[in-house]
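Trainee: I'll drop the sequence and a predicted model, then ask my questions.
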Amino acid sequence: MQEEEILKGLRARDRKTTEYLYEKYSRALFGVIRRMIADEDICEEVFHDAFIKITRKIDQYDESKGRLYTWMVNICRNSAIDKLRSKEISQSTKTETIDHFVFGMKGRYGTLDQVEGIGVKELMELLNEDQKFVIEYIYFKGFTHMEISEEFDIPLGTVKSRVRAAIQVLKKNIERI
Amino acid sequence: MNIQEYIESGKLELFLLGELTERECEEVIAMAKAHPEIQKELDSLEKTMFALDELTGSTPSKGVKDKIFQTLEEDFFNENEAGQAVITPKEDRKVKTLPWKAFAVAASFLAILSFASAIYYASKFYETNQRFTALLQDQQVMADNLDQVRLQNEEANSRLDRLVAGDFQRVEMVGETLPMQTDAKVDVFWDRQAQEVFVAVNNLNSLSADFDYQLWAIGEDGPIGIGLVDPGEKFTLQQMQAVADAGAFAITIEPKGGSESPNLEKLVVLGEVA
C-alpha cells in the first residue's frame, strides 16, 4: 500500500487500513519507544496510547510537513517523553548509563549488546569507532547531539558530520541485511 | 549555503532523529519544499531510519495489539455491520460534520455582529469626541471671558478707589450753546492736587471711523490735548492725561488719533472749572 492509500483509508476510518498500518509500522515504532524507556510494561502502555493518538489525529497530519513515518515517530517519541517526565518514571536511567560508561565500561557498547535485532551487530561493525560512538549515544541511549558535544567535548559540527557519515554507512548496507 | 552543503550538514539526519527545534524543523521542511534534491535525500534517509528502527525494534506483544484494536473498535472504525456498503458511513460523516457547519455559521454570524458593533462604536466614539472638543472650546472661551471681566473689574475697582480717596472736582461740560450737538453732556472729574482727570460720558453721539473726540484742558498756556474720549463707554470713568492747571475743559471732534491743537469749529461741549 502506498502512503496516499494508507492516508485515504485512515481518514475514512477503515479497519483494514488500520490493521495494515499496524502490521507495517508497529515493530519500528515500538522500537523507538523501547530505546527511550527501559520498562517493558510502560513501553507497551506508551505504544498503545501513541498508536491510538496516530489514528485519531490523522486528520491533523499535514503531508507537506514531512512523511507519514516521521510524523508517527514524532508522536511516539513525544508520548515517551511525556511519560518520562511524568511522576511514574524517574529520569535516572540515562544518568546511570553515563556513569557506567565513565567508570570502567569504556569501549563497551552495553546497550548495543542488548539489542536483539537480527543483524544489528553486524551492521554496527561496519561503522568506525567515531561513527559507532555517536550512533550509540544518540540512537540507542537517547542523548541529544548537543549533550554529546558538551559531555565529551566534541565540536557540534563534528558530531553532526559523524551522525551524517554513520547514517550514510547504515543506508548503504541496511538493505543487504 | 548551497544545496549539497545543506544535505551534507547532517541537519536532515537530526531532523529525522527528532533533534531539531520547531524552528529548525520548519526550516528543513521549507528547504525540502524549495529544493527537490533535499526532499529526495530526506525521503531516502527516512527509509533508512525506518529500516533501522525496524531492524533494531521489536514486535509488541499480542496483548497490546488486541487492546489497541479494542479501543479503536469502540469509537473509531466506520463499521458497516451487516455488510452494508457505503451509505451508513456517509450518513455518519454527515452527522459528524453537522456541528462543524453550525459552528461555522455561528462564528460567521458572530464575526459580522462584532464587525457591525465595531463600526457602531467607532462612530459613537467619533461623535462623542467631537462634542467633547466643542465643549473644551466653549470652556476656553468662557475662561477667557472671565479673565477679561476680572481685569475690567479690577480696573474699575482701582478707579473707584482713586475716586473715593482723591479730592475730585466735578466739571460739567454741555453742548447746549454749541452748534454741534445740543444735548451733548460729559462730566470731567479732576483732582487738582493729584493732577488726575477722568471723564464720564453722559450723552455723546457716535462718530464715523475717521474721527475722534478729543478732550482739552484749557489753562493759561492755551488748550492742551489730554486724551481721546470714547463716546460708546457711557457712564464709566475714562482716565485722561494728567493736568496741573485748567480753567475749563472742552471736547472737539478731531481727525482720527487727535490733533495738536483743537478745531474750534467742531467744539462739542464746554465746561468751566468752578
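Mentor: Now that the structure is in, tell me what you want to look at. Since this is a predicted model, take the numbers as computed values, not measurements. Residues are numbered from 1 along each chain as shown, chains lettered A, B, ... in the order given.

Trainee: any idea which residue of chain A lies closest to chain B?
Mentor: Residue nearest to chain B within chain A: A:Gly31 (2.2 Å; C-beta to the nearest C-beta). C-beta: built from backbone N, CA, C; applies to glycine.

Trainee: could I get stretch A:146-163 in PDB with only the CA atoms?
Mentor: Presented in PDB, the C-alpha positions along stretch A:146-163 are these (Å, rounded to 0.1, in the frame of the first residue of the first chain):
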ATOM      1  CA  MET A 146      24.300  18.900  22.000                       C
ATOM      2  CA  GLU A 147      24.700  16.800  25.100                       C
ATOM      3  CA  ILE A 148      27.300  14.700  23.300                       C
ATOM      4  CA  SER A 149      29.200  17.800  22.300                       C
ATOM      5  CA  GLU A 150      29.200  19.100  25.900                       C
ATOM      6  CA  GLU A 151      29.800  15.800  27.700                       C
ATOM      7  CA  PHE A 152      32.600  14.600  25.500                       C
ATOM      8  CA  ASP A 153      33.900  17.900  24.400                       C
ATOM      9  CA  ILE A 154      33.400  17.200  20.700                       C
ATOM     10  CA  PRO A 155      32.600  20.200  18.500                       C
ATOM     11  CA  LEU A 156      29.000  20.300  17.500                       C
ATOM     12  CA  GLY A 157      29.800  20.400  13.800                       C
ATOM     13  CA  THR A 158      31.900  17.200  14.200                       C
ATOM     14  CA  VAL A 159      29.100  15.400  16.000                       C
ATOM     15  CA  LYS A 160      26.700  16.400  13.100                       C
ATOM     16  CA  SER A 161      29.100  15.200  10.400                       C
ATOM     17  CA  ARG A 162      29.700  11.900  12.200                       C
ATOM     18  CA  VAL A 163      26.000  11.300  12.500                       C
END
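
Trainee: report the buried residues of it.
Mentor: Neighbour counts over stretch A:146-163 (16 or more other C-beta atoms under 10 Å in any protein chain shown) mark A:147-149, A:154, A:159-163 as buried.

Trainee: touching chain B at all, that stretch?
Mentor: Yes. Stretch A:146-163 reaches chain B (C-beta under 8 Å from any C-beta of the partner chain) through A:160-161, A:163.

Trainee: what average pLDDT does that stretch get?
Mentor: Averaged over stretch A:146-163, pLDDT sits at 93.

Trainee: who's in contact with it?
Mentor: Contact with stretch A:146-163 is made by A:98, A:130-131, A:133-135, A:137-138, A:143, A:145, B:8-11, B:13-14, B:17, as judged by C-beta atoms under 8 Å, 6 or more residues apart in numbering or on different chains.

Trainee: excluding chain neighbours, give the residue nearest to the residue of chain A closest to chain B in space.
Mentor: Nearest non-adjacent residue to A:Gly31, counting by C-beta to C-beta, 6 or more residues apart in numbering or on different chains: B:Gly57, 2.2 Å away.

Trainee: phi, psi of that neighbour?
Mentor: Here is the backbone geometry of B:Gly57 (degrees, to the nearest 10): phi -80, psi -180.

Trainee: domain-wise, how is chain A divided?
Mentor: If you go by automatic domain parsing, the domain ranges for chain A are A:3-85, A:92-174.

Trainee: please work out the average pLDDT along the helix or strand containing B:Phe50.
Mentor: Per DSSP states H and E: B:Phe50 is located in helix B:36-56. Here helix B:36-56 scores 92 as its mean pLDDT.

Trainee: now do B:Gly83, the pLDDT please.
Mentor: B:Gly83 carries a pLDDT value of 39.

Trainee: got the angle between the longest helix along chain A and helix B:36-56?
Mentor: In chain A, taking DSSP state H as the definition, the longest helix is helix A:15-36. With axes from the mean of the first three to the mean of the last three C-alpha atoms, to 10 degrees applied, the angle from helix A:15-36 to helix B:36-56 works out at 80 degrees.
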